[in-house]
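*Asks:* Structure for the following, please:
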Amino acid sequence: MDSRIFFSGISDEASPHLAGQIAAHRDLGWRHIELRNIGGINLTDLPDDEFLTAADALDLAGLQVSCFASQIANWSRAIDGDFEKDLLELRRAIPRMHRLRTPLIRCMSWPNSTDALPDTGWRQEVVRRMKILAQMAEGGSVMLVHENCSGWAGQGPRQTLELLSEVSSNALKLVFDTGNPFQYGQDAWEYYREVREHVVYLHVKDYARGPDGSEKAVFPGEGSGHVRKIVSDILDRGHGCGFSIEPHITSVIHLGKEADDPDLSYRTYIEYGRRFEQLMERIGK
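*Replies:* Numbers count the residues shown, from 1 in each chain. This is a model prediction of the structure:
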């Protein structure tokens, strides 16, 4: 396999505790891990001593942090909110990324759920803010990766490409989430195909419609996320990329949903990872 291709995962879906997150990735035999929350606290919000303890534990386990799953511009931070929160978070994150030798930090582009701004104003403010963040990232030698999720640029490929064009920075690329388009009434393959030249990292998630019409998270390749097709395209094009699982089957951390049985979350995470490995093997054959 191309050395630039690797498996990772947003590990707080396996366990809220770092020891459990590390154990899950070691059970999978993976050398990379994507960090979001440790003990319910985002990695960038941990007190310094707790962060250093976590960093030492990751080093001891031989795990490389592939990405910081930050809160920057995410679903909880509306466009009319305090931009200083995002600036402070990136300032805190950069030295921590250097400590962990992590190149990527995930961001979104500020939802406008309250219609605080008209679309034109929303777009302008997103671009203004993202230019500032990209300049900070450039200065700190890290890369922001925008996820196709909550926010102006997550509305579709046109907005995503406009953001990249307007900001025009090598410190802003894309993480594409295969499951999000389904939830937003978009087609994952069509979205990905338009933006794929800028994708440097993939979140592997899949959704299907249940018998009652509800959305249901499923194992990779079993839903409408075109996971197999997108992964095949990445491999066929020889495009180096990390693949990071985010199952959402038993736990949806950002919505406060956690399984009543912690062992179930752990087992589901392991099974999800192994099924994705099997999917990759079938594609390779």
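*Asks:* Ignoring the adjacent residues along the chain, who's closest to residue 154?
*Replies:* In space, residue 154 comes closest to residue 148 once its chain neighbours are excluded; the distance is 4.8 Å by C-beta to C-beta, 6 or more residues apart in numbering. Using the backbone N, CA and C atoms, a C-beta is placed for each residue, glycine as well.
*Asks:* ok, now residue 101?
*Replies:* Nearest non-adjacent residue to residue 101 (C-beta to C-beta, 6+ apart): residue 64, at 6.9 Å.
*Asks:* how about that neighbour, what does it touch?
*Replies:* 31, 32, 33, 100, 101, 102 (C-beta atoms under 8 Å, 6 or more residues apart in numbering).
*Asks:* Try it again at 7 Å.
*Replies:* 31, 32, 101 (C-beta atoms under 7 Å, 6 or more residues apart in numbering).
*Asks:* could those go into JSON lines alongside secondary structure, distance to residue 139 and pLDDT?
*Replies:* Converted to JSON lines, the contacts of residue 64 look like this (DSSP: H, G, I helix; E, B strand; the rest coil; distance: C-beta to C-beta, whole Å; pLDDT from 0 to 100):
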{"residue": "31", "secondary structure": "coil", "distance to residue 139": "29", "pLDDT": "98"}
{"residue": "32", "secondary structure": "strand", "distance to residue 139": "26", "pLDDT": "98"}
{"residue": "101", "secondary structure": "coil", "distance to residue 139": "18", "pLDDT": "97"}
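*Asks:* Let me know the closest of the residues you listed to residue 179.
*Replies:* residue 32 (19.7 Å; C-beta to C-beta).
*Asks:* Could you double-check that that closest one lies in contact with residue 9?
*Replies:* No: judged on C-beta atoms under 7 Å, residue 32 makes no contact with residue 9 at a distance of 8.2 Å.
*Asks:* Good, we can wrap up now.
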